[in-house]
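1. here's a sequence, model it:
(chains A, B and C)
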Amino acid sequence: MPELPEVETVANGVDARVRGRRVVSVWTSGKPQTFKSPENVIAETLTGARILRVHRVGKTIVMDVARSSHHKKQVLRLRAPRSAQDDKSTGDAQFLIHLGMTGRLLVSQPEVPLPKHTHAVLTLDDKREVRFVDPRRFGRLSVAAESYLGPGAEPTTILAEEFAELFRGRKLAIKAALLNQSILHGVGNIYADESLYRAGIRPRRQAGRLTRAELGRLHAALQQVLAHAIQLGGSSVSDYVDADGIRGFFQLEHMVYGRTGELCKVCETPLKKIIVGGRTTVYCPVCQR
DNA sequence: CGTCCCACCTGATTGC
DNA sequence: TGCAATCAGGTGGGAC
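-> This is a model prediction of the structure:
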């Protein structure tokens, strides 16, 4: 379920429900590849911690927590070697949740049965549970001591000049560049195709060869599409739901994604499907040049 | 280093 | 109905 608008919707929903609560216990599934930090480190970092807020960086959900001083000592003792930097740390930490393709982060009453493929449960001081559920197990959980910023630029706030600069000299296709999280973070297959359509640019065009005008259109289209999708709670393509179990509505606004062979809503030409950057890509051969 | 490609998983849908 | 093939919102590591 996971591009920037969906991740932001989930993060905001979880934030509204759990901000200020304390984590009293942590359970993890033991499926090794789900955990980027060792499971015991995740459990020990979060147990007893207060949730300060939940937000989004790129496609990653970030839960800021404050640990008690007693607990902080325990966790730091596990990390060797210790540095002076660690000793000066505030005792705050972050729980990072990447949803992969099928991950969900849910806040549930304890009597609601655990869904199949649940990989982590944080029990809160009011008995409710934050649950991470992920059938395909492409999602990842970790904890970090420092504030996580992510590798790429933030698409919702980047200025047009800086945006254009990201693609200078790049030989890869513009669609592949949009998907590359170390260039720009948060954009995935849906919003790459939708923004390229709205900007009138073919997905296979070399990123470094786009004109300044085209990059200006792409910057504007991408920001509009992301803002509109966030407003509608994201796109529910199959089973994506927010923290309340409610589907998004941006899928009703899709012009190309998932519409292979259907007619372009502007010129009525059949939409074409190609593979770019290893991903299915749909575009209008007439409207996109 | 930049770019490309495939493996990593389960489940839903399609096609024979 | 049954079973195999195909496809899916994403990455990360290895090859070139």
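2. any buried residues in stretch A:180-188, and which?
-> For stretch A:180-188, the neighbour count (16 or more other CB atoms under 10 Å) marks A:180-181, A:183-188 as buried. All C-beta atoms are positioned from the backbone trio N, CA, C, and that covers glycine.
3. what is the nearest of these to residue A:163?
-> residue A:184 (8.0 Å; CB to CB).
4. hey, where'd the helices end up in the stretch 101-250 of chain A?
-> A:160-166, A:174-179, A:189-199, A:212-231 (DSSP state H, counting those that start in this stretch).
5. now the spatially most central residue of chain A: closest residue in space that isn't a chain neighbour?
-> Closest residue to the average C-alpha location of chain A: residue A:59 at 1.7 Å, with CA atoms, centre = their mean. Computed as CB to CB, 6 or more residues apart in numbering, the closest residue to residue A:59 that is not its neighbour in sequence is residue A:7, at 5.1 Å.
6. pull the number of nearby residues for that neighbour.
-> By other CB atoms under 10 Å, the residues close to residue A:7 number 27.
7. so for the helix or strand it falls within, mean pLDDT?
-> Residue A:7 is located in helix A:4-18, with elements delineated by DSSP states H and E. Here helix A:4-18 scores 95 as its mean pLDDT.
8. tell me the angle that helix makes with helix A:212-231.
-> 30 degrees (axes from the mean of the first three to the mean of the last three CA atoms, to 10 degrees).
9. and the closest residue to residue A:202 other than its chain neighbours, what does it touch?
-> Excluding its sequence neighbours, the residue lying closest to residue A:202 (CB to CB, 6+ apart) is residue A:288, at 4.8 Å. Residue A:288 is in contact with A:196-197, A:200-203, counting by CB atoms under 8 Å, 6 or more residues apart in numbering.
10. rewinding a little: can you lay out the helices of the stretch 101-250 of chain A as CSV showing mean neighbour count and distance to residue A:66?
-> Converted to CSV, those look like this (neighbours: other CB atoms under 10 Å; distance: least, CB to CB, whole Å):
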stretch, mean neighbour count, distance to residue A:66
helix A:160-166, 15, 33
helix A:174-179, 24, 35
helix A:189-199, 24, 34
helix A:212-231, 18, 28
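11. out of the ones you listed, which is closest to residue A:53?
-> Smallest distance to residue A:53 across those (CB to CB): 17.6 Å, for helix A:212-231.
12. elements contacting that closest one?
-> Packed against helix A:212-231, as judged by 3 or more CB pairs under 8 Å, 6 or more residues apart in numbering; DSSP states H and E, are the following elements: helix A:4-18, helix A:160-166, helix A:189-199.
13. any idea which of these gets closest to DNA strand C?
-> helix A:189-199 (3.5 Å; CB to the nearest atom of the strand).
14. mind checking if the closest one is in reach of DNA strand B?
-> No - for a cut-off given as CB under 7 Å from any atom of the strand, helix A:189-199 has no contacts with DNA strand B; the smallest distance is 12.3 Å.
15. can you confirm whether that helix lies near DNA strand C?
-> Yes - contact of helix A:189-199 with DNA strand C (CB under 7 Å from any atom of the strand) involves A:189-190.
16. which helices and strands does that helix pack with?
-> Applying 3+ CB pairs under 8 Å, 6+ apart, we find helix A:189-199 packed against helix A:174-179, helix A:212-231, strand A:279-283.
17. OK, contacts around whichever residue of the stretch 151-289 of chain A sits closest to DNA strand C?
-> Proximity of the stretch 151-289 of chain A to DNA strand C (CB to the nearest atom of the strand) peaks at residue A:188, 1.9 Å away. Contacts here follow CB under 8 Å, 6+ apart; on that basis residue A:188 touches A:2-4, A:59, A:179.
18. got the residues of chain A near DNA strand C?
-> A:1-3, A:6, A:58-59, A:98, A:100-102, A:136, A:138, A:140, A:179, A:181, A:188-190, A:234-240, A:248, A:278-280.
19. narrow the residues you listed to just the buried residues.
-> Burial by neighbour count, 16+ other CB under 10 Å: within these this picks out A:1-3, A:6, A:58-59, A:98, A:100, A:102, A:140, A:179, A:181, A:188-190, A:234-237, A:240, A:248.
20. narrow those residues to those in strands?
-> A:98, A:140 (DSSP state E).
21. which pLDDT value goes with the residue nearest to residue A:8 when sequence neighbours are not counted?
-> Computed as CB to CB, 6+ apart, the closest residue to residue A:8 that is not its neighbour in sequence is residue A:56, at 4.8 Å. pLDDT recorded at residue A:56 is 96.
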